[in-house]
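Novice: from the sequence below, what's the structure:
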Amino acid sequence: MAHDELWKMEKSFWLDGPEFYGRAMAPDARMVFPDPVGILAGDEIVEGLKQAPRWAEVRFDEREATGTGDTVVLTYRATGKREGEAAYVALCMSAYVKGGDGWRLLAHQQSPVSG
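Specialist: Purely as a prediction, here's the structure:
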């Protein structure tokens, strides 16, 4: 099932670097992050990654997948950890579209969970 492939891709978006993003993201993708990052589009996303520390590990809870045709939306609670930092917890959504070259991430959004 495509959902297993997409969950694997989703984890790679958290843990892998800009090279993965360049291969697996739609050219006109959009991502919405908490301030101060805000809304990023296309090449801005990859450029922003070059400046940001990567996650050492991530766990997905409350995982759900839904879709129709060539579109799948993943929703989940992420708990990410970076070396020497407190855990980051956010409610997340990612939308994937399937084209001739496979699945691509079209949109991703994070809403931090406080407390």
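
Novice: drop to CA atoms for contacts and neighbour counts, all remaining ones
Specialist: OK.

Novice: burial count for F33?
Specialist: Neighbourhood size, F33 [other CA atoms under 10 Å]: 15.

Novice: mind listing what it touches?
Specialist: By CA atoms under 8 Å, 6 or more residues apart in numbering, the contact set of F33 is I39, Q109, Q110, S111.

Novice: ok, so of those residues, who is nearest R82?
Specialist: Nearest to R82, judged by CA to CA, of the contacts of F33 is Q110 at 16.7 Å.

Novice: that older thread, which PyMOL command selects the buried ones in the contacts of F33?
Specialist: The buried subset of the contacts of F33, as determined by 16 or more other CA atoms under 10 Å, is captured in PyMOL by this line:
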select buried, resi 109+110
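
Novice: okay, and A29 sits in which element?
Specialist: Element membership for A29, per DSSP states H and E: strand 25-32.

Novice: who are the packing partners of that strand?
Specialist: Of the remaining helices and strands, those touching strand 25-32 by 3 or more CA pairs under 8 Å, 6 or more residues apart in numbering; DSSP states H and E are strand 39-41, helix 43-51, strand 102-112.

Novice: mean neighbour count, the ones you listed: which tops it?
Specialist: strand 102-112 (a mean of 19; mean count of other CA atoms under 10 Å).

Novice: partner strands of that one, with direction?
Specialist: Applying DSSP bridges to the sheet, strand 102-112 is found paired with strand 25-32 (parallel), strand 88-99 (antiparallel).

Novice: can you give the contact residues for the worst-scoring helix or strand of the chain on mean pLDDT?
Specialist: Sorting the helices and strands of the chain by mean pLDDT, DSSP states H and E puts helix 43-51 at the bottom, at a mean of 84. Helix 43-51 has contacts (CA under 8 Å, 6+ apart) with G17, P18, Y21, G22, P27, R30, M31.

Novice: following it, which helix or strand shows up next?
Specialist: Using DSSP H and E, the helix or strand that directly follows helix 43-51 along the chain is strand 57-68.

Novice: just to revisit the earlier point, in PyMOL, how would I select the buried members of the contacts of helix 43-51?
Specialist: Buried residues within the contacts of helix 43-51, by 16+ other CA under 10 Å, are selected in PyMOL with:
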select buried, resi 17+21+30+31
